[in-house]
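Enquirer: structure of the sequence below:
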Amino acid sequence: MDWFDNLNPAIQALIATIFTWGVTALGAVTVCFFKKVNKKVLNTILGFSAGVMIAASFWSLLAPAIDLSEELGYIAWILPATGFATGGLFVLLSDRFLDKVLKGKSDLKSAVSLKRSILLISAITIHNIPEGMAIGVAFGGIASGTPGMSLIAAIMLAVGIGIQNFPEGAAVSLPLRNEGFSRLKSFMWGQASGLVEPIAAVIGVVLVLTVRSILPFLLAFAAGAMIAVAARELLPESIQENKNLATLGLIAGFILMMVLDVALG
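Expert: Here you go, the predicted structure:
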């Protein structure tokens with residue numbers, strides 16, 4: 001682990017998000033073997049990922065944002081609260097924009113399938129932007145000496161996001177296959193939805209290291225975006241087949257992230 005610890009934070013974030021993209025691609029490759037994936041398994045994974053992301057949002061992002069605000073001489077809650085709200089609104093407004101586009105195009109019957117496929121890819125790609133930035137902000141925060149940030153917490157954040165990227169990759173490729181796309185094209189579009197994460201991660205690192213005064217806002221923005229994704233996408237989807245499995249997955253993911261962050265961070 002020492003070799004990784006000594007790397008430039010931008011390289012660390014890039015490696016971490018290459019992993020998350022790889023898991024997206026792994027999810028997308030299921031289109032080569034299955035027409036459908038067991039819903040109970042996927043929903044348990046989604047619940048687990050939601051638990052990891054909720055725990056990481058507080059211990060790895062929001063709590064450090066509050067501590068850093070105090071260290072920088074700001075009122076402790078202003079930047080974190082503003083950033084958290086902005087991150088959540090970013091996800092909500094992105095979804096609303098896509099919903100309006102879909103509604104506006106729904107009357108074009110000859111293009112409905114293609115439009116639906118494009119919007120599906122766009123929706124998951126947009127969700128991956130704040131996730132990639134969250135990873136970049138986490139690694140950049142370590143390099144900038146932000147209190148409460150740790151390497152293990154940043155790595156676990158990437159692992160949690162990576163895990164929930166598996167069903168996202170499948171969620172793109174499998175419907176595209178059902179729309180008539182070839183297996184290769186379905187896989188390529190599925191994995192492409194995760195390519196924005198490395199780009200967003202590097203941007204997050206650069207912002208953290210060059211504009212430290214707004215780091216509390218960026219940390220909280222990432223936290224708000226992840227909570228919004230968990231609340232709007234992961235949790236509603238995870239309880240469709242089996243609420244008990246989804247709940248157990250969420251509890252397990254939350255406890256794992258909490259223990260690793262608190263005990264090893």
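
Enquirer: show the contacting residues for I45.
Expert: For I45, the contact set (Cβ atoms under 8 Å, 6 or more residues apart in numbering) comprises 163-164, 166-167, 249. Where you see a C-beta, it was placed from the backbone N, CA and C, and this is true even at glycine.

Enquirer: for the helix or strand containing it, buried residues please.
Expert: Using DSSP states H and E, I45 falls within helix 39-56. Residues of helix 39-56 classed as buried by neighbour count (16 or more other Cβ atoms under 10 Å): 42-56.

Enquirer: looking at these, spot the one nearest M149.
Expert: M149 has its nearest neighbour among the buried residues of helix 39-56 in A56, at 11.6 Å by Cβ to Cβ.

Enquirer: from F254, how far off is the closest one?
Expert: Distance of A56 to F254, given as Cβ to Cβ, to the nearest Å: 9 Å.

Enquirer: ok, T20 - contacts?
Expert: Residues in contact with T20 (Cβ under 8 Å, 6+ apart) are 131-132, 135, 158, 161-162, 165, 194, 197.

Enquirer: check I155 too.
Expert: So I155 contacts A16 (Cβ under 8 Å, 6+ apart).

Enquirer: helix, strand or coil: sort out it for me.
Expert: When classified by DSSP: H, G, I helix; E, B strand; the rest coil, I155 comes out as helix.

Enquirer: and what of the one 10 residues further on?
Expert: Assigned state for N165: helix (three-state reduction, three-state DSSP).

Enquirer: surely it is in contact with Q191?
Expert: No: counting by Cβ atoms under 8 Å, N165 sits too far from Q191 to count as a contact (10.0 Å).
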